[in-house]
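Novice: here's my sequence, what's the structure:
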Amino acid sequence: MARLSWSGIKAEAILELRNRDDISSRVENWLREAAQEVAYAFRFYELEETVTFNLAKGAEEITFSAIGVANVKHILSLRDTTNGRRIKPASFRFIDRGTISSGTPGYYCRFGSSLLFDAKPATTHVGYKLRYRKQIDEPNFSSGSSYPNTPSEWDEIIRLLAVAKGYSALFEKDMADEKEARALRLISRLPTDEFVDAEDSDFGITVRV
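Specialist: Here you go, the predicted structure:
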C-alpha cells in the first residue's frame, strides 16, 4: 500500500472528524502541531545530520550559513577534529563573560543562527564536526508528493493526535480521549532500538538505518 502524502493524511483526518466542511485550515494546524510534537519528542535518525567546518584563525564566531546549514533545531554534539576532543556546551553568559582571548576553544554556545566560542584559534584554523537534529519541513497539504519527515509507521500516530486535538477543540472530550489513547497504544507497540539490539541481533535483524 502506497504511503499517504500530507494531502491524503489531511483528507483522512477530516473524514474522521465527521467530514465537516468548515475545519480545513484548522485540520492543517492540528496536523502541523502533532507532527512537531512527534518529531521533537522522540529520536529519529532521519532527522539527524552531520556537517564539518573550519573555524578560521582569530575567529570567535561562525554562522550556520557559513557552515552550510540552515535547518538546525538542536545541537547534539560538537567535536574538535583537529585536536581530537569534544567541545562542551556552555551558556551565553559564560562565553560573554569577558574578552575572548587567543587559544584553543573548549566551550561553545548557540546564539541565534551562530556558534560562539570561548577562545580564538591562535595559529591556524580548527576543524569541527557538528552533529545536530534538523528542523522538520513545513507540511505541503496541496501536494501529492509531500510526506512527513518522520518514518511512515508514525503517520497514523500523527493523524490520530491531530484528530484528538480537533475533537478537543470541538468540545468532544470523550472522542478526543479515545483518539489520543489509540495513538499512545500505537506508540507503545513500536520497538525501541535497545529492544531490537537485545532480542534480535542473533537473528540478523538490525535497527532501522
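
Novice: please enumerate the helices of the protein.
Specialist: Counting by DSSP state H, the chain has helices at residues 6-16, 24-41, 64-67, 92-95, 155-169, 173-189, 193-200.

Novice: so which of these is the most packed in?
Specialist: Of the helices of the chain, the one with the most neighbours on average (mean count of other Cβ atoms under 10 Å) is helix 155-169, at a mean of 22. In this view, the C-beta of every residue, glycine as well, is placed from N, C-alpha and C.

Novice: so that helix versus helix 24-41, what angle?
Specialist: Per axes from the mean of the first three to the mean of the last three Cα atoms, to 10 degrees, the angle that helix 155-169 makes with helix 24-41 is 120 degrees.

Novice: what angle do helix 155-169 and helix 173-189 make?
Specialist: Angle, helix 155-169 to helix 173-189, by the same axes, to 10 degrees: 160 degrees.

Novice: of the helices of the chain, which is nearest residue 48?
Specialist: Smallest distance to residue 48 across the helices of the chain (Cβ to Cβ): 11.5 Å, for helix 24-41.

Novice: convert the C-alpha atoms of that closest one to CSV, please.
Specialist: Extracted in CSV, the C-alpha atoms of helix 24-41 (Å, rounded to 0.1, in the frame of the first residue of the first chain):
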residue,chain,number,x,y,z
SER,A,24,-10.0,22.5,6.6
SER,A,25,-7.5,25.2,7.7
ARG,A,26,-7.8,24.1,11.4
VAL,A,27,-7.1,20.5,10.5
GLU,A,28,-3.8,21.7,8.9
ASN,A,29,-2.9,23.4,12.1
TRP,A,30,-3.7,20.3,14.2
LEU,A,31,-1.6,18.1,11.9
ARG,A,32,1.3,20.6,11.9
GLU,A,33,1.2,20.6,15.7
ALA,A,34,1.0,16.8,16.0
ALA,A,35,3.9,16.4,13.6
GLN,A,36,6.1,18.8,15.6
GLU,A,37,5.2,17.1,18.9
VAL,A,38,6.2,13.6,17.5
ALA,A,39,9.3,14.8,15.7
TYR,A,40,10.8,16.6,18.7
ALA,A,41,9.6,14.2,21.5
